[in-house]
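Visitor: Sharing a model that was predicted from the sequence below.
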Amino acid sequence: MTRRHTSVFVTALAATATLLLAGCSLLGPTRGEDGAFAEPAEINSADLLVDDCFTFLEGTNLSKSTVVPCDEAHEYRVIGQGTLDAAAIEAAGGKQNAVNASCDEPYAAFTATLADGVTSEQQFISATIEEDGVELTKYSCLATDIATTVEAATQ
């Protein structure tokens, strides 16, 4: 390889590394240091995190969401997350009962922060995952966040 070819190769390699490391947002939306998205982003609903504010994308069977900063109009907020094994689900009498019970405490904490007269509904989404050969149910506790949505829409 000539000196010129080596120089071109090194420059191309450096440019590629810069794009991959510094420009990761080219590969998809990224979260800021605080874990939140600074602008609306479409993500898989399974990738939602606690305190994400979002709206499900129509026609995706709840599998995709548009996440927004919480001061922008949205329908839901993630208020808790966890995983359940088969024993916990069986002890609760089924997956819906187990997830619902697991979401009761985060929902109570969320509703305690609402202004008088503001209501919310508790909901959840779940998915089956495998960790270390064990099948688990990963769930996200959701609350409708109508007060924030109305406030954002009127600004």
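Guide: Structure received.

Visitor: list the contacts for the closest residue to Lys95 other than its chain neighbours?
Guide: Leaving out its chain neighbours, the residue that sits closest to Lys95 by Cβ to Cβ, 6 or more residues apart in numbering is Ile89, at 5.1 Å. C-beta here means a position set from N, CA and C on the backbone, and glycine is covered the same way. By Cβ atoms under 8 Å, 6 or more residues apart in numbering, the contact list for Ile89 reads 95, 98, 137.

Visitor: Tell me which stretches of the protein form helices.
Guide: 3-22, 86-92, 95-111, 146-153 (DSSP state H).

Visitor: weakest of these by average pLDDT?
Guide: Looking at the helices of the chain, the lowest mean pLDDT belongs to helix 3-22 (a mean of 44).

Visitor: Quick check: phi and psi on the residue most central in space within the chain?
Guide: What sits nearest the mean C-alpha location of the chain, by Cα atoms, centre = their mean, is Leu48, with 1.0 Å. Note on Leu48: its backbone torsions stand at phi -60, psi 150 [degrees, to the nearest 10].

Visitor: Find the residue closest to it in space, skipping its chain neighbours.
Guide: Nearest non-adjacent residue to Leu48 (Cβ to Cβ, 6+ apart): Val78, at 5.0 Å.

Visitor: check contacts around the residue nearest to the centre of the chain.
Guide: Shown in contact with Leu48 (Cβ under 8 Å, 6+ apart): 54, 65, 67, 78, 125, 140.

Visitor: again, but for Glu75
Guide: Contacts of Glu75 (Cβ under 8 Å, 6+ apart): 54-56, 144-146, 149.

Visitor: Tell me which of those has the lowest pLDDT.
Guide: Across the contacts of Glu75, the bottom pLDDT score, 50, is held by Thr149.

Visitor: Pretty sure Val68 sits against Phe54.
Guide: Yes: taking Cβ atoms under 8 Å as the definition, Val68 is a contact partner of Phe54 at 6.7 Å.

Visitor: Fine by me, we can end here.
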